[in-house]
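>>> Fold the following.
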Amino acid sequence: MKKTVKIFGMLLIALTVMASCKKDTDPADRDFFVGTYSGTITYNDGSKDISDDDGKVRVVKTGETYNFIFGTGIPDITGVKFQGSGDTYTSIGDGLTGISVNASSLKILVTNSKGTWTANCTR
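Residues are numbered from 1 along each chain as shown. Sure, this is the predicted structure:
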């Protein structure tokens, strides 16, 4: 009887561990693409055209959204949410679609009323 209780207890512990590890991870809970990417970045708002072949984009997580900090006079893109599977995530939301990011590369083509941003960066 003691052996049966012991086996049942171990099985219960194993099932609990497996159940807690199986939860789907929301992209907002993942931080693997936070950091700095380097490469070609551009911005155009109709009156100014900025291009930097050696530009940097810093990705920062703020709550459940992400901000893309450009520097070199390019306005930041803020409040971006993501969806995806595997290791690559794509931006969602009005005026913020066109961002694809993973642990090693960042691709941006965002056009909205504030201008057009592009980036082809790696880390």
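
>>> drop to CA atoms for contacts and neighbour counts, all remaining ones
Will do.

>>> I figured D87 was touching S100, is that so?
No: under the contact definition of C-alpha atoms under 8 Å, D87 does not touch S100, with a separation of 10.5 Å.

>>> Please say which of the two ends up with more neighbours.
Taking neighbours as other C-alpha atoms under 10 Å, D87 and S100 compare with S100 leading, 17 against 12.

>>> Do you know the pLDDT at S113?
Per-residue pLDDT puts S113 at 89.

>>> tell me the mean pLDDT over stretch 61-76?
90.

>>> Buried residues in the longest strand along the chain, which are they?
Assignment by DSSP state E gives strand 49-62 as the longest strand of the chain. Across strand 49-62, burial judged by 16 or more other C-alpha atoms under 10 Å covers S51, G55, K56, V57, R58, V59, V60, K61.

>>> who are the neighbours in contact with the nearest residue to the fifth one once chain neighbours are set aside?
Ranked by C-alpha to C-alpha, 6 or more residues apart in numbering and with sequence neighbours excluded, the top spatial neighbour of R58 is T36, at 4.3 Å. T36 sits next to K56, V57, R58, V59, R123 when contact means C-alpha atoms under 8 Å, 6 or more residues apart in numbering.

>>> Without its sequence neighbours, what residue ends up closest to the last one?
Spatial nearest neighbour of R123, chain neighbours left out: Y37 (4.8 Å); criterion: C-alpha to C-alpha, 6+ apart.

>>> tell me the pLDDT at that neighbour?
So Y37 comes in at 96 (pLDDT).
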